[in-house]
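Asker: the following block contains a protein sequence and its predicted model.
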Amino acid sequence: MNRLTYIGARLIKTVLITIAVVLLSFFLVRLAPGDTATVMAGQAGFADEAFMKSLRAEYGLDQPLPVQLWKYLSAVAQGDLGSSFVRRQPVVDVILERLPNTLLLNAFALLVAIAGGVAMGMMAARRPGSATDAAMTVLSMLFYAMPQFWLGMMAMLVFSVWLGWLPPFGLETMGADYTGLTRIGDIAVHMILPGVTLALYFMASYARLTRTAMIEVADQDFVKTARAKGISEGQVARRHILRNALVPLITFAGLQSAILVGGSVLVENVFSWPGVGTLAYEAVTTRDNPLLLGIFIVTAVLVSLFNLATDIAYSIADPRVELGR
Amino acid sequence: MGEPLIDIRDLIVALPPGADRAHAVDGVSLTINPNEILCIVGESGSGKSLTAHAVMGLLPRGVTASGGQILFGGADLLRLPPSGIRKLRGRDIAMIFQDPMAALNPVVTIGRQITEQIRAHRAIPEKEALELAGGLLAEMGLADPKALLKSFPHQLSGGQRQRVMIAMALSLSPKLLIADEPTTALDVTTQAQILKLIKRIQTERAMSVLFITHDFGVVADMADRVAVMRHGRVVEEGAAAEVLGNPKHSYTRALIAAVPRGESALQPVAQDKPLLTVTELSKHFRRGGFFSGSAAVTAVDRVSLTLSRGETLGIVGESGSGKSTLARCVIRLLDPDAGEILFDGADIARMTPGALRPLRRRIQMVFQDPFSSLNPRQTVGEIVIAGPRAYGEDMKEARERAADILRLVGLNPETMNRFPHEFSGGQRQRIGLARALMLKPDILIADEPVSALDVTVQAQVLKLLDDVRQQMNLAMLFITHDMRVAAQVCHRVMVMRHGQVVESGPTGTVFAAPSSDYTRALLAAIPGRGKLAPV
Amino acid sequence: MGWDRRAMLGAAAAGVFAVPSWAQAPGTTARQRTINAMMTDEPAHLNYPLFNTRIMQEICGNINESLLLFDWQFRPHPNLARAFEMSPDGMTYTFYLRPDVRWHDGVPFTARDVAFSCGVMLPQLNPRSRNAFSHVRAIKVIDRYTLRFEMKQPFNAFLLSLMASSAPMMPAHIFEGTNFRTNPYNFKPVGTGPFKFNRWVRGQFIHLTRNDHYWRPGQPGMDGIYYRVCPTPEQRLVAMESGAVDLAMADDIDTVVNSRMMANPNVVARDDAFNGTGEITVMEMNQRRWPFSDRRFRAAFVHAIDRDFLVKAINFGLGKVATSPIPSNLPYHDDKAVVKYPFDQARARALLDEMGLKPGRGGVRHRFGLMMIPDGGGHWTRGCHYVKQALSEVGLDVELQSTDWPTFSRRSGNWDFDVDCNSYGQYGDPAIGTARFFLSSNIRKGVPQTNIQGYSNPEVDALFHKAAVAVDKAEAQHLYSRLQHVLTRDVAMVWLFERQPMFFYNKRLKNVITGPNGPADGFGSVTLS
Amino acid sequence: MRNFLRVFLSRPIPLVGLVIFAVVVALALLAPLLFARGPFTIVGMPLLPPGAPGLLVGSDVLGRDMAVGLAYGARISLLVGITSTLGAVGIGVLLGAVAGYYGGWLDDLLMRVTEFFQIIPSFVLLMVLVAFMQPSLSSTVIGIALITWPQVARVVRGEFLSLRGREFVQAARTLGMGDARIIFTQVLPNALPPIIVVGSMMVGSAILTESALSFLGLGDPNLLSWGSMIGGSRSAMWVAWWTTVLPGLAIMITVLALNFIGDGLNDALNPRRRR
């Protein structure tokens, strides 16, 4: 099967999955009690029937569910995700405003997690059973055992409050209004705490995965062959062991990118990072169903694309893997 | 004969603490002379492989050469610093391994893997190294070396891969080539080609080969000199003709005797009404899923056969010939796509599971892999009585019968309370046989029952199968890739290739006067054919 | 259990804290003339009447002004209206507008805008205004700068309903004849105020700049205001402490750390900035259900709770025990008229016994649910935790129910609850803020923030109606005193405490709070030192 | 079994995990005996630091004894961790076994469903589920089980898929055993080790998920959990570190102990992955 037809087939599948996501989540979010009208009434502190009625009419909440679903589906088919109830802006705009922040944070976290995890895993795999190995195992399990939100708060407490090294939250320095390079640097500094917090949890997985793979690969015959060729240990490790050990990491990185798109709710919340995670949290608590559905759809599409990219990367890294098999 | 190329003296290889014995190699002394092939032959656990690995300085983690010397070019390889031995590896001593798929890095191109070795020892540019590599591949008899250099290992066949391995090993014209069971993972015809190739280049390049094998047939084909190893020691050593023709040690004699000669002694059983008649059986496999299109592969293509009480029908073929699929269709582990299977007058090809159930117990099977065919979480007793219990037999009665059957297959009934992992491969095959016999079957299907066993054990199991067949008047369908084994136990054979029957007939006739080229090729490829004295 | 503020400060000081380098506010010149404020979360838009919440009041108070301002005694003062007259019978109000006011886009502010705002836009969008203006029969535009409100009947809270937080003036030339909910100007509001809308970076900040053509001479005293999104309480505290932000309003700072903010020498703390709202934290009971329908149960409920403790330890000393439906710092409050329910658990037990609610297994007399307001684990949640604990001591087993806003609003609106925790604002006059919770005419299923308790007393209905139209202040006072007596006698609701949200600001700011309407009156008068 | 214990206890890591876990379990079981008044009782002023008279580890924002809260929190964490894992394992094993053993459209359907769960941000889904069911102990448990079962199903399916082709399973079929009998006596016992390992790890992650939900105020308000202790003290973090640090440490140590045990189980039950 050639790569292009494969990609085509996968894109069709993405569309199908997205439709399933839309249908399922449409009913799912409707299961939750209350609607946007009640939220607004509650928050405004004052309400009467006219207020509620006009809100419901405006949002189409007074129509039968199948009608709402049909209207929604036909709009989505035309690329219109509707309008956020609470924000009164097109859902697409609302999400696109936040998406870059989330992608930025998560890309950074992914890089940190892979770099740190692979380094830890390699260190551990060098001598399985040694003190270094045990230390790495314990350390990675420690990362894995900490609640992310708490780790974030502790990092904030230590590095921002006690040591004063890093800004505790936000995307950039409040009120500074930097531009250009200064601004990029400012954002980068703000990204360190949330990014590393996010990364540590996954770093543990990469470390374990790398360690296992390195040890497994090191026992394979082709490594023996490589040694029999008389090439140096460094080359054996790099060209033969690591190269093969990294292949399973690609799958995991793909899986992780899926989690990262919508999974950073807690860290974004703790660090007030203006991303999709905080948006999703708001959407749930305000029953902003179009927004919530929009987030589901956008993440579904993104995750599908990430998965596709992962598969392609995998097929490049491992020539044995044929796309579509 | 002058100075030996390599001189192994009192080599001791120690196993890690906690292993079942202290030394895997226990005081081995061997010499390999220039321009000769030394075969080390032995069964599994004899220490033959570790001896070879010790020469390369490639002992597995935890295993150490704790004593003795390996002298090569005036230096003791065991005392050389890692960098010193590394310089020798690949340049002066090269090695090829048993499974060429596993021995090649799956994510690196063939070309790169060869040039890597060349450039580790010679400072030449990649392009030049690639040209050298191409030349080597051509020399190994591989077509289109240019394309091969760019391919990945999985795109090659087993034989091609082993040729690539040999090309790589020869790339720096080593003085010694160590071949560790280089043909065990290959089909018999491919094996013959590779053996021929090694022999040819050894002669052409006048180098030495240390050839590790378990097969005396291969020894007969290859060796100038032979060393027989057992339990980490060399029990007999000498010129090939001497050892093969006039073995001194009883173990050597037993080993040689156990090698099937590939000549049939059994006469066909008188054909009365067949118990099983398979007609025009076909089975296709669909590959891939919803989006990847569906290419059907025909694994069994209109195969017909008959089987009578008391006879053994051998189904012979190389890997992928469809023989196992055929067996699994007959026992309805797979549902055939076309054809009929008449068993005692009833067509079981399309029977529903419910209707099939009473007939099921009358066809039983012995599997290939003694390690995966027994449930590791059940005791031998549980395994053996599972069948009768499934048919509602009383527990106590079943256990009593199990004791008898275990005795029949040569096991102590007390083994019932133990778990499979406490047994050797041969013993496990006996347990598997006992399990099948518990249901008092009419037909026994044996799917490569001895291919994973050492040759001496193999002989015992084959004898047991034949005894049981006679005692219980079984009809046996015997699947094997080994012509020699088929010759030993089958009354009739059927040769399969690509899912089709190539030829069939009484074993003696087929072996003596094969009617097809393929059968002829198979017979010709039997290692050591005609070189071992008849028993 | 002892409590004093010094001990609290001691406890607070145990957390080491020094303002680190990253938190130093950047010191550019522009920064010196600009202030930063906070938003706990971002508003959906900036159409003031469309969604009249506290955050909107804080921001839009600088953009959209009202006709009148009110002082600490809730006396009206001119604003966009330079003068006004009320007829002695309370049936007409005439307003004379300033002729020199222009909208931010340069269009003059005229009587047409007022008539549009009070006659069309506000009643249509804001339920509170709808209630107030329902007493108005007609609005007559007399000339470009004069207009008259003609009433159906006298309504003595009418002027208060023109407070900035209730009746912001909206530009007729932008909204008239449009769909108010989708008008693009909802995202770039136009007003007459000292600051005009400049930029909105979603998820980060809203920036207002000075209105150079503001009608009040010498104002505004600053170049601009940033409202920055600070969703987490810990973030807001740091931002305030470090000086990165100059203002912390209402619920920006959790009461837990109020004392710490008060101890900060760079910060000025005010507890009167929201007096105009006059907020009381309450518990509402579903009086359709037994035993909440029984006055004795409700009385026992109040007796069982140490509201003093609630104020001191749970609310960290802010506010005071509420004894009446009308906050103590607002007009018409009458301490002598109310029936009081001191903390007395023995009395509570006796009342429950009298009702026949005897302790059962495990000493439990009755089990019921307490629906908590979603405040993210803030002081309301803590208060509910305390109430659960206190009631357990008299044998009442409370199941706390956490909610989010949709659930809370829906369940309370549909009367699907036993007891809830809530809070209501008086907005200057009981007729505006308080009556809605007790009038039997305001029992409306499906609508939250109404008389969801199902409390119904013809005498109360009559008293509220009379009080609202009483022209004579003394008469109104008399009626409201009686009301306070009846309502507290009935234990018509559980009034827990009067909430005094704090307003903190950096001491470099001057003239920040000028009246009880707090930030809703805008920051035109603020200057920077 | 003896072999299993020997391997399991031969390394210090699982042993340490087991000891810590035993202490946490003991604390959870003994909490009502040690602190009969319950975790909600207000015993003093809010935010008293550790070491204040009668307060080993200080008081929280409501003046409750943190020590009592930590002990009772263990009950909730363990209860949620274990029950939600049992639920997830129950659903996952059932569906995974059926899909893996029979294959075909059942398998296809299951794979699509697990894919759906992979694609939807699971924590957001959990928030929706809990908001829908109203925050309570049972909604937390059900919610966590609902979002985590696909993980188990995948593992079980994979095991069944590979075991299904093993010769001893084929042998069982030739012996005339029914599918149910094969699934329960032949395949499942061999698939148990990875299920146990995954399960032990899932208990830990369920505890983490519960704490996250409680932290966001989506937990059961009538029960004090470690997560809700952190969430409730969030705004006091800057002035009273112990209110957030200690419950977090409690979560971390418990989950770490579970992971240690999981690591030991992995070693002891899965010889393939042993070093």
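Answerer: Yes, it's here. Computed from a predicted structure; not experimentally measured.

Asker: make it CA atoms for all contacts and neighbour counts henceforth
Answerer: Will do.

Asker: so for the lengthiest helix in chain A, mean pLDDT?
Answerer: Looking across chain A with DSSP state H, the single longest helix is helix A:180-218. Mean pLDDT, helix A:180-218: 88.

Asker: show me what counts as buried in that helix.
Answerer: The neighbour-count check on helix A:180-218 (16 or more other Cα atoms under 10 Å in any protein chain shown) flags A:186-218 as buried.

Asker: so what does A:L61 have for phi and psi?
Answerer: For A:L61, the backbone dihedrals (degrees, to the nearest 10) come out as phi -70, psi -10.

Asker: now do it against A:L55, distance only.
Answerer: 8 Å (Cα to Cα, to the nearest Å).

Asker: could you do C:P291 as well?
Answerer: From C:P291 across to A:L55, the span is 36 Å (Cα to Cα).

Asker: could I get the pLDDT score of B:S264?
Answerer: In this model, B:S264 carries a pLDDT of 67.

Asker: can you pull the contacts of B:A446?
Answerer: Taking Cα atoms under 8 Å, 6 or more residues apart in numbering or on different chains as the criterion, B:A446 is in contact with B:365-368, B:476-479.

Asker: mind redoing it with 10 Å?
Answerer: Going by Cα atoms under 10 Å, 6 or more residues apart in numbering or on different chains, B:A446 touches B:312, B:314, B:324, B:327, B:364-368, B:433, B:465, B:476-480.

Asker: identify the farthest-apart pair in those.
Answerer: Based on Cα to Cα, the longest span within the contacts of B:A446 runs between B:S324 and B:L465 and measures 18.6 Å.

Asker: just the CA coordinates for stretch B:160-180, please, in PDB.
Answerer: Taking C-alpha atoms only, stretch B:160-180 is exported to PDB below (Å, rounded to 0.1, in the frame of the first residue of the first chain):
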ATOM      1  CA  GLN B 160      19.800 -14.100   1.000                       C
ATOM      2  CA  ARG B 161      20.200 -12.800   4.500                       C
ATOM      3  CA  GLN B 162      22.600 -15.500   5.400                       C
ATOM      4  CA  ARG B 163      24.600 -14.800   2.200                       C
ATOM      5  CA  VAL B 164      24.700 -11.100   3.300                       C
ATOM      6  CA  MET B 165      26.000 -12.200   6.600                       C
ATOM      7  CA  ILE B 166      28.700 -14.200   5.000                       C
ATOM      8  CA  ALA B 167      29.600 -11.400   2.600                       C
ATOM      9  CA  MET B 168      29.900  -9.100   5.600                       C
ATOM     10  CA  ALA B 169      32.100 -11.600   7.500                       C
ATOM     11  CA  LEU B 170      34.300 -12.000   4.500                       C
ATOM     12  CA  SER B 171      34.600  -8.300   3.700                       C
ATOM     13  CA  LEU B 172      38.000  -8.000   5.300                       C
ATOM     14  CA  SER B 173      39.300 -11.500   4.300                       C
ATOM     15  CA  PRO B 174      39.500 -12.800   7.800                       C
ATOM     16  CA  LYS B 175      41.800 -15.700   8.700                       C
ATOM     17  CA  LEU B 176      39.100 -17.500  10.600                       C
ATOM     18  CA  LEU B 177      35.400 -17.600  10.100                       C
ATOM     19  CA  ILE B 178      33.300 -18.800  13.000                       C
ATOM     20  CA  ALA B 179      29.900 -20.100  11.800                       C
ATOM     21  CA  ASP B 180      27.600 -20.800  14.700                       C
END
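
Asker: tally of neighbours for the residue of the stretch 251-400 of chain B found nearest chain D?
Answerer: Going by Cα to the nearest Cα, chain D is nearest to B:S373 of the stretch 251-400 of chain B, at 4.0 Å. Neighbour count of B:S373, defined by other Cα atoms under 10 Å in any protein chain shown: 22.

Asker: same deal with the one 3 residues further on?
Answerer: Using other Cα under 10 Å as the criterion, B:P376 is surrounded by 17 other residues.

Asker: residues contacting the residue nearest to it when sequence neighbours are not counted?
Answerer: In this structure, B:P376 finds its nearest non-sequential neighbour in B:P420, 6.0 Å apart by Cα to Cα, 6 or more residues apart in numbering or on different chains. By Cα under 10 Å, 6+ apart, the contact set of B:P420 is B:370-380, B:383, B:427-428, B:431.

Asker: which of these fall in strands?
Answerer: Residues from the contacts of B:P420 lying in strands, with DSSP state E as the criterion: none.

Asker: from those, which two are the most distant?
Answerer: B:R377 and B:Q427, at 17.1 Å, using Cα to Cα across those.

Asker: where does the stretch 1-150 of chain D have low pLDDT?
Answerer: For the stretch 1-150 of chain D, the stretches with pLDDT under 70 are D:1-3.

Asker: starting at the chain centroid, how far to the longest helix along chain D?
Answerer: Counting by DSSP H, the longest helix found in chain D is helix D:66-102. Offset of helix D:66-102 from its chain centre (Cα atoms, centre = their mean, to the nearest Å): 5 Å.

Asker: ditto for stretch B:296-310
Answerer: Using Cα atoms, centre = their mean, the distance from the centre of stretch B:296-310 to the centre of the chain it belongs to is 24 Å.

Asker: I'd like the next helix or strand past the longest helix of chain A.
Answerer: helix A:221-228 (DSSP states H and E).

Asker: flag every residue of the stretch 401-529 of chain C that's near chain A.
Answerer: Residues of the stretch 401-529 of chain C lying near chain A by Cα under 10 Å from any Cα of the partner chain: C:403-413, C:423-425, C:433, C:436, C:442, C:444-450.

Asker: counting neighbours, what do you get for the residue in the stretch 51-200 of chain A that chain C sits nearest to?
Answerer: Residue of the stretch 51-200 of chain A nearest chain C, by Cα to the nearest Cα: A:R87 (3.9 Å). A:R87 has 15 neighbours, counted by other Cα under 10 Å.

Asker: on the three-state scheme, it is what?
Answerer: What DSSP: H, G, I helix; E, B strand; the rest coil gives for A:R87 is coil.

Asker: that one and A:L291 touch, don't they?
Answerer: Yes - between A:R87 and A:L291 there is a contact at 9.1 Å, judged by Cα atoms under 10 Å.

Asker: overlap of the contact sets of these two?
Answerer: Listed as contacting both A:R87 and A:L291 by Cα under 10 Å, 6+ apart are A:V94.

Asker: can you list the low-confidence ranges for the chain?
Answerer: Assuming you mean chain A. Residues of chain A meeting the criterion pLDDT under 70: A:1-2, A:30-36, A:38-48, A:174-177, A:258, A:260-263, A:322-325.

Asker: nope, chain B please
Answerer: Filtered on pLDDT under 70, chain B yields the residue ranges B:1-2, B:262, B:264-265, B:271, B:287-295, B:533-535.

Asker: relative to chain C, which of the contacts of B:A446 is nearest.
Answerer: Nearest to chain C, judged by Cα to the nearest Cα, of those is B:F367 at 61.8 Å.

Asker: give me the residue at the spatial middle of chain D.
Answerer: D:V203 (1.6 Å; Cα atoms, centre = their mean).

Asker: which residue, neighbours along the chain excluded, lies closest to that residue?
Answerer: Nearest one to D:V203, counting by Cα to Cα, 6+ apart, is D:G81 at 4.6 Å.

Asker: wouldn't the one you found be in contact with D:T209 here?
Answerer: Yes - using Cα under 10 Å, D:G81 is in contact with D:T209, at 8.9 Å.

Asker: and the two? Which one has more around it.
Answerer: Using other Cα under 10 Å, the more surrounded residue of D:G81 and D:T209 is D:G81, with 25 against 22.

Asker: could you measure from the more buried one over to C:L147?
Answerer: For D:G81, the distance to C:L147 (Cα to Cα) stands at 68 Å.

Asker: pick out whichever of A:L61 and A:L55 has more residues nearby.
Answerer: The residue with more neighbours, out of A:L61 and A:L55, is A:L55; 20 against 15, by other Cα under 10 Å.

Asker: ok, that one touching A:F85?
Answerer: Yes - between A:L55 and A:F85 a contact is recorded at 9.3 Å, counting by Cα under 10 Å.
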